[in-house]
Structures are given as structure tokens and as C-alpha cells.
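Trainee: Predicted coordinates and the sequence they were generated for:
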Amino acid sequence: MHLIVVGLSHKTAPVEIRERLAVPESRLGEALTRLCSYSGVKEGILLSTCNRVEVYSVVDDVETGYGRIQEFLADTHLSLSSEQLTPHLYWHTGDRAIGHLFRVAASLDSMIIGESQILGQLKGAFEVALAHKTTGVIMNKVVKKAISVAKRVRTETKIAEMAVSVSYAAVELAKKIFSDLHEKTVLLIGAGEMAKLAARHLIAHGVKHVRITTRTPQHAVDLAAKFGGTAVPFDQFKDDMALADIVLVSTGAAHYLVGAEDVRRAVEERMNRPMFLIDISVPRNIDPAVRHVDNAFLFDIDDLTQRVEQNRAGRVQEAEKAERMVLEEVTTMLDWMKSLEVTPTIVALRSHVDDLKRAEVDRVLARLPHLSPQDRELVEGLASSIVNKLVHRTMVTLKAEVNSSNGPAFVEAARRFFSLDQPAASVQPIEPSRESPRYHPESAVESGAEDPVSETSVRKRAR
Amino acid sequence: MAALCFMVTMVLYFVATMSFLAYLLRRSEALSNVSLAITAVGFISHTVALVIRMVEVSSTVPPSFSDALSFFSWMIILVFVLVEFRHRIHVLGSFMVPLALVSLVSSAALPETVPTLQPVFKTLWFHVTLSMLGTVGFTVAFVAGVMYLIQDRLLKSKQFNVLYSKLPALDFLDHLNQQSIVLGFPLLTLGIVTGAISAEFARGSYVSWNPEQIWALVTWVFYFVVLLGRLTVGWRAKRAAYLTVIGFACVILTLVGVVLKET
């Protein structure tokens, strides 16, 4: 059982390749079913976004697994030949595969580090896989862990808190001036793309009233309809600029549209309530002298970009913290995966029951010193045969299921039934001096190692 | 017992102050919870100390300025805890807890009892409590004003540093400033009136033009004008912040006047 990943991302492949490889959601289920029909492929999940196409899979053998998945990718996209595809692919297995998935989920591998979309996309891919039953014990656990790691990274670092787009930086700044954007009014002058995007962000954060003015009146009316706002004639926007708490300017004009005096008057009319002005135009449309007007806060494109750059740097710093978290989580995941291997489980089971038997036999024999060597052997033989019969079916089943898709589930069940993951200390021999029979239902369920039932039964027989 | 509680409180406020100041400089939010917890424990021990002190002395001795400062310190923390609870603005603690510490330490440095000739405790207790509540209002306004001016400066100069990210929005600070004055002003007014009444009892005249009274009146007129200006001609935002910082100087001078009178 090996977890592998084969795929490509914005880091290894240009957009031309990525867009051809992307699997539309409608075909995802069919592709997954086909993936799992390859021999040796036990479980699979397909993550396809605009920045990456990746296949995570549980396979019998790493090398053939890589080959199968590569085959699968080429088959899914007939327009791409294997030769075109291979140079862009990456392959990982074991801890690197788990680490890769965790990093992807936590948005550490994203184009914009810390963006939140990828987690939703991963959840979506997982749901499709669940619906088509192409995941099993390993994949379910690993993907669920990836989702929880991503959430942990999100809450314990500030990676997602910082605005990394110019339009979003405007919202972040607005929130440092107005604690509540509801009931605030934004005036949009001109209709540059970035300003529209910023306006959209502001509306998403609660801004209620939008006033729009453009040089072409019809354009303003159209936009007003789109944003649910009011169109203002271009030659009149200065008259009631005081109504606006936020002014967003982006026009193609080559001169200042808003002067310091206009702003001073507006702030005065507003009885000194603060005003937030954003000038995204190049060349600038708001006179930089507005900086000297009290209670008016002007930011131009450079200021916003500076903010974005700072946040980017901040995110990179936070990403380092996140990487450490991922490493930690990968280690725990690996331990779990190791425990799912059949041979070590059988060995552990064997030594676990042998320890139990040894302890019980020693205890009973210590109380029966008068037994002859033959009798002692008989007692020992009795214990051995009971123990062997008890675990025999378990071992046979484990060996039989080793290659089935349920194999890991059986292994995990066995480990839990026999508490094989408990520290060895719990199978210490029970001291023979203890007299009263003990029975602790809770601890029996928890550790199970002391096995009170067999203890009392042996004692009865001994009497 | 009360003395022990005061000592414990002082130590806790000191630790909380250090922790809150460290919080101010670090990007991590982790310190805020620690600081808050220490402040809360300090506040409880402070409350116990004040209650014991009240039970012990209120019926036999007139309130000293030392008591007044201790009460003031307690109120500052109370206001902080309330605002924090409602708005989750940890950074307020970095400003208010140090103030509370300073006033508690000053309280400890001053004599606990003052010799007084006239048995006018009852009015005097009212006078001290009300004036101190008014002072708390102006102090919160002052803190909000200082924070406003810092944030205004940072925004204007486009310094998006740690402090910028921790300070709340400008309009919140302006609102806090306004609310504090709106609440503090009537309380101070009542404080001055009860003060005048107790002075009449004590000395037979309402005013004696000592520094305390002069500065109290100056303070009253000043905040009256500030409040009026805000409501009528829009003295808000940056101007209001400046004015409350200046007004706080009057408050301090009044308190100095009280100390001079008592010692």
C-alpha cells in the first residue's frame, strides 16, 4: 500500500497545458471510476483546478502506480500525448506525497499563498470521490487530515488574514477608517476595472449605497443598474461629494479631477467626518495635496501596492510557520500509515498475546508450586492452545485480506481490538501477589491489555 | 487584609502592563489573552480590597485622595473590561492598564487618611465618587484621543506597521471619545456641585478659589465648549482628539490641586 501523487501545477506547467488537462466537473466521476479500474490502483482522488491537476492514489507498487496514472492522464486528454505531458509532471510518494497534499490544502503551494479557494476545491474533489466510492480507508483519512491541517493553518497563522490584491487592500484600509461599512456610501468616479473590483469588494463587505459617475452618462446608468446604485451626472459629482464616505477614482483623464479644495469643502460639509479617497488611476486623478486636508485620507495606487507587498511578505513569513505545522502533521500521518502494514501487525499481535499468556501462566504456576513438571507443561499447553485458537482466525483473515481494498480497514480494526498501538508497558505481567479479582470496565475498554476476563477465568480454573 | 489585596493588585497590574506593552510591539495576538487574564485577576483582588476598605472606613473617616485614586484606577479597568468585552479591542489595554497602574501606585504613595475638621463625610463621599467618575470619562476620552491621533498619523504617513494593524478604526475611536465625554461631563458637573455644597458646610462658602476649584471650573468650561463644539459645528475626529488631550491636562492640574490642598 503506497500513497502516491502525480500531477502538474502552475509551478511546472504553463497555462496552455493546464487548461487542456483540466477535467470538467461533469466528467470527474467517470474519470475516477476509470482510474480505479486500472490494476493495482486501489483508491483515487482527482483534484482539478485552474492552477493544478493532480491525481492522488493508493497503489500496490509505486513504480507501476506512477506508470498507470500517467497512462490515465494521457488517456483522459486525447489532445495531449504522453511526451508532451511528462516533462511537466511531478511524482511523489510516502511522506512527500502526504506533505504535498497537506501543503496544497493549506494553500502553501498556491499561486497566491493563503488564498482560500483551494480548500473548497479539495473538499469538492473529495466529495465526488466519495460519491463514486473511489476512496478507502487510507485516502479518507489522509484527505480528512489534509482538510483539518488546512483549517489549523488558517486559524493558527495569519496567512489568510492579509489582503494581497490591490482592490482588496482598499477594503482593508477602509476598515481602519470606518469600523462598520454598513450605511456607508461609496462614490465611484470612472469605471476602470480595478475600481469596479474594489467597489464590488466594498459592497461585499456591507457598503449600502453606491453612487456612480462616468463621462459617458449611459455608462454610469448601466453600472448603477448593475451595482444597485445611483447614477450621478459627471459635471455634478463634486456638488454632493460630501455624501460619500469613500471615493474611488479611476478614469483615463490626464489631469486632476478632484482638487484639495473640493475635498476640504466636502469634509467641512460632513462636519469633519472622515473621508476615504482611493485613486487607482495612472496618471493620478486626485490632487496629492489632499494629503494635507485633515480627516481626508488619500491613497493612490502605489500606496495600495505597497500595502499588498507588505502583506505578501507577511504571508511568506506566516507560510514558514505553516510549513512547520505541515511537517508535524505529516509525521503523525506517516506513523499511522506504517501501522497499517500487515506483517508488523501480525508480529505485534503474536508478541502481544504471547506476553499475555506468559504473564498469566507464570502467575498461576507461582500459586501451584506442588505441580509436577508434567502438570506444569500441561497448564502451559492449555494456555497456549487457548490463546492460539483465539487469535488464529484474526491472523488468517489479515493475511487473506492483505491485498483487498479493505485490507487497511482490517489491519486497523485488529490493531484496535488488541490495543497494539498502546505502549508496551501496559502488557507487563500482573503481579502474582494481588489477591482480589479486579474488574474495571472503563480501563478494560481503554487499554484492554490487562484482559480481566481471561484473568478471572484462569483463576477459577486454578482453584 | 485590604493592604495585602492592594499589594497583590499592584503587582498584577504591573505584570499586566508589561504584558500589554509587549503585546503592542509584537505581531502575535497570543499575548492579549494572557494580559487580559492577569488584568481580570488583578481587577478581582482590587474589588475585594476596595470593598474591605469601604466597610472599614466609610462611616468613620472622610475619603482621602488616596482612596479616590484607587477607585479611579478600579473604574479605568472596569471600563476597559467592559469595552473589551463588547468590542474585543485588546490594544485598549496597552493604554488603559498602564494608566490604572500609575494611579494605583500614586494612591499607595499618598497618605491614607486626611485630617479634617468637619463631619461632612456623606456629601464628601458623593463629591469624590462623582468627580472621579467624571474624571474616568475624560480619561477614556483622552486615551481614545491619543489612539486616534496615532492612527491618524499612521494612515496619513502610510506607515502600515504593527501598531497600525492593532489600533481600531478611526470612527470607533471618535465615537468612544464622544461617548466618554457625554457620560463624563454630567458626572463632573454633579461632582462640582456636591463639592461646592460640602465646601459650604465645611467652610461656610461655596468657593474659596484654591487651585483645585479653579482648575475644576476651567476643566468644566473647557469640556462644555468641546461638547458644544462637537454637537454644533462639527468638532469631531482629529480636532476632538486634540481637544481631549489638552482637556486632560486640565484634569491632571485639578488633581494636582487636590494633592496640594491635602498635603
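Mentor: In hand now; what should we look at?

Trainee: Near chain B, which residues of the stretch 51-200 of chain A are found?
Mentor: A:Lys158, A:Leu173, A:Lys175, A:Lys176, A:Ile177, A:Phe178, A:Ser179, A:Asp180 (C-beta under 8 Å from any C-beta of the partner chain). (Glycine included, C-beta is placed from N, CA and C.)

Trainee: Just give the nearest non-adjacent residue to the second one, would you?
Mentor: The shortest distance from A:Leu173 to any residue other than its chain neighbours is 6.1 Å, reached at A:Phe299 (C-beta to C-beta, 6 or more residues apart in numbering or on different chains).

Trainee: Could you name the helices and strands sitting against the strand or helix carrying that neighbour?
Mentor: Taking DSSP states H and E as the definition, A:Phe299 sits inside strand A:296-300. If contacts are counted by 3 or more C-beta pairs under 8 Å, 6 or more residues apart in numbering or on different chains; DSSP states H and E, strand A:296-300 sits against helix A:166-177, helix A:260-269, strand A:275-279.

Trainee: what distance separates the longest one from the centre of its chain?
Mentor: Taking C-alpha atoms, centre = their mean, to the nearest Å, one finds the center of helix A:166-177 at 27 Å from the center of the full chain.

Trainee: which helices and strands sit right next to the helix or strand where A:Ile98 lies?
Mentor: Assigned by DSSP H and E, A:Ile98 falls within helix A:94-105. In terms of contacts (3+ C-beta pairs under 8 Å, 6+ apart), helix A:94-105 is packed against strand A:2-9, strand A:52-59, helix A:117-131, helix A:137-156, helix A:301-339.

Trainee: Try it again at 7 Å.
Mentor: Where contact means 3 or more C-beta pairs under 7 Å, 6 or more residues apart in numbering or on different chains; DSSP states H and E, helix A:94-105 is packed against strand A:2-9, helix A:117-131, helix A:137-156, helix A:301-339.

Trainee: Show residues contacting it.
Mentor: Applying C-beta atoms under 7 Å, 6 or more residues apart in numbering or on different chains, the external contacts of helix A:94-105 come out as A:2-5, A:56, A:92, A:109, A:118-119, A:122, A:142, A:146-147, A:149-150, A:326, A:329-330, A:333-334.

Trainee: Got a quick PyMOL command for the buried subset of these?
Mentor: Filtering these down to the buried ones (16 or more other C-beta atoms under 10 Å in any protein chain shown) takes a single PyMOL command:
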select buried, chain A and resi 2+3+4+5+56+92+109+118+119+122+142+146+147+149+150+326+329+330+333
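
Trainee: what domains does the record give for the chain?
Mentor: You didn't say which chain, so I picked chain A. Residue ranges for the domains of chain A, per automatic domain parsing: A:2-160, A:166-302, A:339-462.

Trainee: The intended chain is chain B.
Mentor: If you go by automatic domain parsing, chain B breaks into B:1-113, B:116-263.

Trainee: would you say A:Leu187 is within a helix?
Mentor: No: counting by DSSP: H, G, I helix; E, B strand; the rest coil, A:Leu187 is not found in a helix; it is strand.

Trainee: before we move on, back to that, pretty sure the residue nearest to A:Leu173 is touching A:Met275, no?
Mentor: No: A:Phe299 lies out of contact with A:Met275 (C-beta atoms under 7 Å); the separation is 11.8 Å.

Trainee: mind checking the SS state of the residue of chain A found nearest chain B?
Mentor: Among all residues of chain A, A:Met271 sits closest to chain B, at 2.8 Å; criterion: C-beta to the nearest C-beta. Look at A:Met271: counting by three-state DSSP, its state is coil.

Trainee: Quick one: neighbours of it, just the number.
Mentor: Per other C-beta atoms under 10 Å in any protein chain shown, the neighbour tally for A:Met271 reads 16.

Trainee: With adjacent residues omitted, what lies nearest to it?
Mentor: Excluding the flanking residues, the one nearest A:Met271 by C-beta to C-beta, 6+ apart is B:Gly234, at 2.8 Å.

Trainee: where does the one you found land on pLDDT?
Mentor: What the model reports as pLDDT for B:Gly234 is 82.

Trainee: Equivalent analysis for A:Ala254, please.
Mentor: For A:Ala254, pLDDT reads 82.

Trainee: My read is that it contacts A:Pro283, right?
Mentor: Yes: with contact defined as C-beta under 7 Å, A:Ala254 and A:Pro283 form a contacting pair (5.8 Å).

Trainee: how near is A:Thr397 to B:Val79?
Mentor: 69 Å (C-beta to C-beta, to the nearest Å).

Trainee: just B:Lys156 next, same as before
Mentor: 29 Å.

Trainee: So between the two, which is more surrounded?
Mentor: B:Val79 (21 against 16).

Trainee: In terms of helix, strand or coil, where does B:Val245 fall?
Mentor: B:Val245 - assigned by three-state DSSP - is helix.

Trainee: So what's the residue count around it?
Mentor: Using other C-beta under 10 Å: B:Val245 sits among 16 other residues.

Trainee: need the contact list for it.
Mentor: B:Val245 neighbours (C-beta under 7 Å, 6+ apart): B:Phe142, B:Gly145, B:Val146.

Trainee: Closest to the centroid, which residue in chain B?
Mentor: B:Val136 (3.3 Å; C-alpha atoms, centre = their mean).

Trainee: relative to strand A:275-279, how tilted is the helix or strand hosting it?
Mentor: B:Val136 belongs to helix B:121-156 when assigned by DSSP H and E. Between the axis of helix B:121-156 and that of strand A:275-279 there is an angle of 10 degrees, by axes from the mean of the first three to the mean of the last three C-alpha atoms, to 10 degrees.
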